[in-house]
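Trainee: Model the structure of this input:
(one chain, ligands or ions: 1)
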Amino acid sequence: MSKFWNERYDTDKYVYGVEPNHFFKESILHLPAGNILLPAEGEGRNAVFAAQNGWTVEAFDQSEIAQKKAFDLAKKSGVRINYRIDRFETIDYPVEQFDVIALIYAHLPSPEKTIYFRKLLPLLKKGGYILFEGFSKDHRIFQEQNKSAGGPKEIDMLYSKGELSEIFQGTKIILLEQCLISLDEGVGHNGSASVIRMIAQNTSF
Ligand SMILES: C[S@@+](CC[C@H](N)C(=O)[O-])C[C@H]1O[C@@H](n2cnc3c(N)ncnc32)[C@H](O)[C@@H]1O
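Mentor: Numbers count the residues shown, from 1 in each chain. Below you'll find the predicted structure:
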């Protein structure tokens, strides 16, 4: 899979653009800056925005090319980010470290999404938040109409509200919605999209 992503990112352009994801941007601007983890961060658009707004940023992704582009973007933007080459399968961060963990278009198959997303919960401080945006299972309709709609074609790698509430059971779900939006994120996410958005708070310890 890292070969697939390295090939996708091997272009001068930022595949998902250099601007932050809209939901991510609006969500973190309403929270006090603290420590944030960005799993599957890709080329760094969200990491750099968070750092510009006073957050201490940890990120990881399996793609070396994405990491290099993220460091280039951070340098150009005059901010510092920490960014490891790692996979959900092998991450090893200290527990209770993050105020926010943001999963933005982190698409995994089953049962991995349940196993690896649940593995993130102990890394949150008490009261910390999970932010999530990803394509819904209904996004297939837009993928059939538009080659630039983005997202995996395998239905199992797309999300439903029910699936998210099951994965994050035990947290306090503050927002969980499926919405139709229009994406303008580089060449990778473009046009009408059906997404799931979630904000969940860790109240478990
Ligand atoms: C659609 S991109 C999203 C990138 C970024 N979150 C954004 O919104 O711009 C999905 C990313 O997930 C990463 N990824 C997929 N499976 C992964 C895994 N098991 N461990 C780490 N990264 C993974 C890919 O390398 C890719 O960068």
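Trainee: Now the protein against the ligand: closest residue?
Mentor: Residue of the chain nearest the ligand, by Cβ to the nearest ligand atom: Gly42 (2.7 Å). For every residue, glycine as well, the C-beta is placed using N, CA and C.
Trainee: what's the neighbour count on the nearest residue to Gln67 once chain neighbours are set aside?
Mentor: Among residues not flanking Gln67 along the chain, Tyr83 sits closest, at 5.3 Å (Cβ to Cβ, 6 or more residues apart in numbering). Each residue near Tyr83 was counted by other Cβ atoms under 10 Å, and the total is 20.
Trainee: State the distance from Tyr83 to Lys153.
Mentor: 28 Å (Cβ to Cβ, to the nearest Å).
Trainee: repeat for Asn21
Mentor: 21 Å.
Trainee: quick one, which of these two is more surrounded?
Mentor: The neighbour comparison of Asn21 against Lys153 (other Cβ under 10 Å) goes to Asn21, with 22 against 10.
Trainee: show me what contacts that one?
Mentor: 45-46, 104-105, 133, 185 (Cβ atoms under 8 Å, 6 or more residues apart in numbering).
Trainee: Turn these into CSV, columns for pLDDT, secondary structure and neighbour count.
Mentor: Formatted as CSV, the contacts of Asn21 follow (pLDDT from 0 to 100; DSSP: H, G, I helix; E, B strand; the rest coil; neighbours: other Cβ atoms under 10 Å):
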residue, pLDDT, secondary structure, neighbour count
Arg45, 98, helix, 26
Asn46, 98, helix, 26
Ile104, 98, strand, 21
Tyr105, 98, coil, 22
Glu133, 98, strand, 22
Glu185, 93, strand, 21
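Trainee: Low-confidence stretches in this protein?
Mentor: 1, 204-205 (pLDDT under 70).
Trainee: ok, which stretches of it are helices?
Mentor: For the chain, the helices defined by DSSP state H cover 2-9, 22-29, 45-52, 64-77, 112-120, 140-145, 161-167.
Trainee: other SSEs contacting the last one?
Mentor: In terms of contact count using 3 or more Cβ pairs under 8 Å, 6 or more residues apart in numbering; DSSP states H and E, helix 161-167 is assigned the packing partners helix 112-120, strand 172-185, strand 189-201.
Trainee: winner for burial among these?
Mentor: strand 189-201 (a mean of 20; mean count of other Cβ atoms under 10 Å).
Trainee: what residue lies at the spatial centre of this structure?
Mentor: Ile104 (2.0 Å; Cα atoms, centre = their mean).
Trainee: Please tell me how far that one sits from Asp12.
Mentor: In terms of Cβ to Cβ, Ile104 sits 23 Å off from Asp12.
Trainee: With Glu166 instead?
Mentor: For Glu166, the distance to Asp12 equals 41 Å [Cβ to Cβ].
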